[in-house]
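Novice: give me a model of this one.
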Amino acid sequence: MKGYIEDITFLNEKAIKFGNEKVEAILAPSLGSNLLSLKYKHKDIELLRTPDSVEEYKKAPILYGMPILFPPNRIEDGQFTYKGTAYKFPINERKKSNHIHGFLHDKPWQVCKKEVNGKAIIIHTEFSSRDFDLKGSSPQDITVNMSFSLNAETLEIQLEITNKGIEPFPWGAGYHTVFNFPFGPGSKLEDCRISLPVNKHWELNERSLPTGAIHETANTSEIQNGISLDGRLFDDLFGYDEERALENECILTDHEAGIQVNYHGDQHFKFWVLFNQAGFVCPEPYTWVTNAPNLDLSAKLTGLRELGSGETVQLTTRLIMKEI
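Specialist: Below is the predicted model of the structure:
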């Protein structure tokens, strides 16, 4: 399957269009290395929520494409302390006095590589904390690399985080992937389904922060096998506390459009947030739970992990698109 890469301008920024006979995508490195378009060409259907203008995008950048969250979700009062080091983030959710979604999704990234290699299209981008004044929120020197690899109808995204500092730091990552849902313009939400591999529901307070209480997921079988979002709004945090019997993937199905997307996360992604509004849904895979560094719970339970000096961690997600 022949692939192609093209340099374009998108939202007045340099961007990269890449694709093959079945799938075409647009990556905007200068806009947080955000995958802002993912089109299923056989059906001429845009799977991701894509802005029509710069003005539209600027109103809510987090609600378009696939923004990277580092750290994901909210940090209470925008701060925490870890092993004597204070981490401070701007309060960008003022009504709830939280920081939300980290510092990678709105920074320009550098393009390191783009090539067609056999049947695969490969693009690498990189973020280095040395290029920005991030002393409060990222006291350690870190680099983050993203690798996008498209092969047939599968897009694999690998995230690599490296601690180049001398002290360990706590890390959490995720994606705020915004799917058009239903996928098809003529489809009805009542005929669509979304499933998540979860069985635990984390209780949130009025500031959308975990209280520490964890309950059995209501209608576990239904959410694991596919629920309708018709008439239902979510902004909920889920987890799984046992050995997974299911694949760690969210499955989105639009029967009328005849399209299914399997959104797979590797073993690092132990939590999912489900957020939806009219016309779109965000299944968000996380490595740590919201506000993890401030919770009086074990690291095993919250997903809080440490990256030592010189260490690297790799995380992999896949979007597998297919006709049904």
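Novice: just grab the bridge partners of residue 85 for me.
Specialist: Beta-bridge partners recorded for residue 85 (DSSP bridges): residue 82.
Novice: what pLDDT does it get?
Specialist: Looking at residue 85, its pLDDT stands at 91.
Novice: so who does it touch?
Specialist: 139, 167, 169 (Cβ atoms under 8 Å, 6 or more residues apart in numbering). All C-beta spots, glycine's among them, are computed from the backbone N, C-alpha and C.
Novice: of these, which is the nearest to residue 184?
Specialist: residue 169 (43.6 Å; Cβ to Cβ).
Novice: is the closest one in contact with residue 80, as I believe?
Specialist: No. At 11.4 Å, residue 169 does not count as touching residue 80 under the criterion of Cβ atoms under 8 Å.
Novice: so who does residue 210 touch?
Specialist: Counting by Cβ under 8 Å, 6+ apart, residue 210 touches 202, 203, 204, 237, 289, 290, 291, 295.
Novice: sort out for me which of those are in strands.
Specialist: Counting by DSSP state E, the part of the contacts of residue 210 found in strands is 202, 203, 204, 237.
Novice: which one is the first one nearest to, not counting chain neighbours?
Specialist: Among residues not flanking residue 202 along the chain, residue 237 sits closest, at 4.2 Å (Cβ to Cβ, 6 or more residues apart in numbering).
Novice: quick check, pLDDT for the one you found.
Specialist: Listed pLDDT for residue 237 reads 98.
Novice: how much space between it and residue 217?
Specialist: Applying Cβ to Cβ, to the nearest Å, the value for residue 237 to residue 217 is 11 Å.
Novice: same check on residue 107?
Specialist: On the measure of Cβ to Cβ, residue 107 and residue 217 end up 35 Å apart.
Novice: can you report how many residues lie near residue 222?
Specialist: 13 (other Cβ atoms under 10 Å).
Novice: that one - that's part of a helix, no?
Specialist: Yes. According to DSSP: H, G, I helix; E, B strand; the rest coil, residue 222 belongs to a helix.
Novice: for it, give its distance to residue 131.
Specialist: 46 Å.
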